[in-house]
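Colleague: sequence unknown, structure follows:
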Ligand SMILES: C[S@@+](CC[C@H](N)C(=O)[O-])C[C@H]1O[C@@H](n2cnc3c(N)ncnc32)[C@H](O)[C@@H]1O
């Protein structure tokens with residue numbers, strides 16, 4: 001018997017002992033996707049920033065839901081010219097199509113992962129915000145790849161709180177961003193198996209162990225001068 005076998009404690013992996021995710025569809029259809037719950041509580045916490053002219057990627061659902069009647073315009077950004085309802089068709093990393101100092105807020109959820117040239121994308125985001133405008137950003141840390149998006153725009157990055165702080169600090173100013181990590185090893189395993197919030201307790205979802213960031217959120221404001 002090898003030394004590792006004598007010291008190994010039994011672990012019952014139960015239903016986790018499978019090579020494909022237990023569910024599928026990122027937890028949608030089973031309940032509330034685990035990462036979405038936190039994306040939405042982050043936006044709810046910063047709802048006061050969702051006001052004026054608010055840019056959002058792909059769909060304006062969050063703009064109206066969190067901004068309500070504080071929102072005067074809800075333009076949409078899409079990289080694909082065929083996307084219905086896009087106000088702006090532009091690649092954030094090649095920013096010629098977007099206006100300067102134009103948006104009061106930019107809700108950028110789960111999108112930077114698809115953009116290879118991150119510093120250029122963040123420079124564009126900074127340029128298009130009004131002075132005093134706010135970026136509400138979410139990016140994945142520990143997460144599976146989405147084949148649909150990978151096939152369309154490429155799935156390039158996963159993040160850490162430090163990389164987000166450094167990425168935003170390079171343009172918005174060092175320490176300007178309020179960056180938070182979310183989740184823990186259990187919630188991460190649930191997410192990788194595409195389970196839903198309803199599969200875990202509130203305490204299990206709320207516990208954050210910063211070694212296991214499934215989701216990273218950041219709020220950063222463009223300097224007013
Ligand atoms: C899965 S959606 C994510 C957006 C959505 N906001 C969300 O919360 O899930 C991926 C989006 O990334 C956008 N995208 C991909 N590459 C981009 C780029 N280089 N510049 C701007 N948007 C891009 C696409 O337009 C697409 O709508």
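Modeller: Yes, it's here. All values reported here derive from a predicted model rather than from experimental measurement.

Colleague: Now do the longest strand anywhere in the chain: which elements does it pack against?
Modeller: Longest strand in the chain by number of residues (criterion: DSSP state E): strand 129-140. In this structure, strand 129-140 makes packing contacts with helix 34-45, strand 103-109, helix 161-172, strand 215-221, judged by 3 or more CB pairs under 8 Å, 6 or more residues apart in numbering; DSSP states H and E. In this view, the C-beta of every residue, glycine as well, is placed from N, C-alpha and C.

Colleague: Not counting residues beside it along the chain, what's closest to residue 112?
Modeller: residue 139 (5.3 Å; CB to CB, 6 or more residues apart in numbering).

Colleague: show me the contacts for residue 153.
Modeller: 79, 114, 115 (CB atoms under 8 Å, 6 or more residues apart in numbering).

Colleague: secondary structure element for residue 53?
Modeller: strand 52-57 (DSSP states H and E).

Colleague: Now do that strand: everything it contacts.
Modeller: 62-63, 67, 70-78, 88, 102-109, 111, 128, 130.

Colleague: for stretch 128-136, same thing?
Modeller: Contacts for stretch 128-136 (CB under 8 Å, 6+ apart): 42-43, 46, 49-50, 52, 55, 95, 98-109, 125, 168, 172, 217-225.

Colleague: Can you narrow these down to the ones near the ligand?
Modeller: Restricting these to those touching the ligand (CB under 6 Å from any ligand atom) yields residue 109.

Colleague: Low-confidence stretches in the chain?
Modeller: 1-6 (pLDDT under 70).

Colleague: How many residues are close by residue 93?
Modeller: 18 (other CB atoms under 10 Å).

Colleague: give the contact list for it.
Modeller: 115, 116, 117, 118, 120, 121, 124.

Colleague: Check residue 123 too.
Modeller: 95, 171.

Colleague: Please identify the buried residues of the host helix or strand of it?
Modeller: Secondary structure assignment for residue 123, by DSSP H and E: helix 118-128. Of all the residues in helix 118-128, those buried under the rule 16 or more other CB atoms under 10 Å are 118, 120, 121, 122, 123, 124, 125, 126, 128.

Colleague: just checking, residue 203 is part of a helix?
Modeller: Yes. Assessed by DSSP: H, G, I helix; E, B strand; the rest coil, residue 203 belongs to a helix.

Colleague: For residue 70, what are phi and psi?
Modeller: Per-residue torsions, residue 70: phi -80, psi -20 (degrees, to the nearest 10).

Colleague: Neighbours of it, how many?
Modeller: Neighbours around residue 70, by other CB under 10 Å: 16.

Colleague: What distance do you get for it to residue 43?
Modeller: Distance, residue 70 to residue 43, by CB to CB, to the nearest Å: 13 Å.
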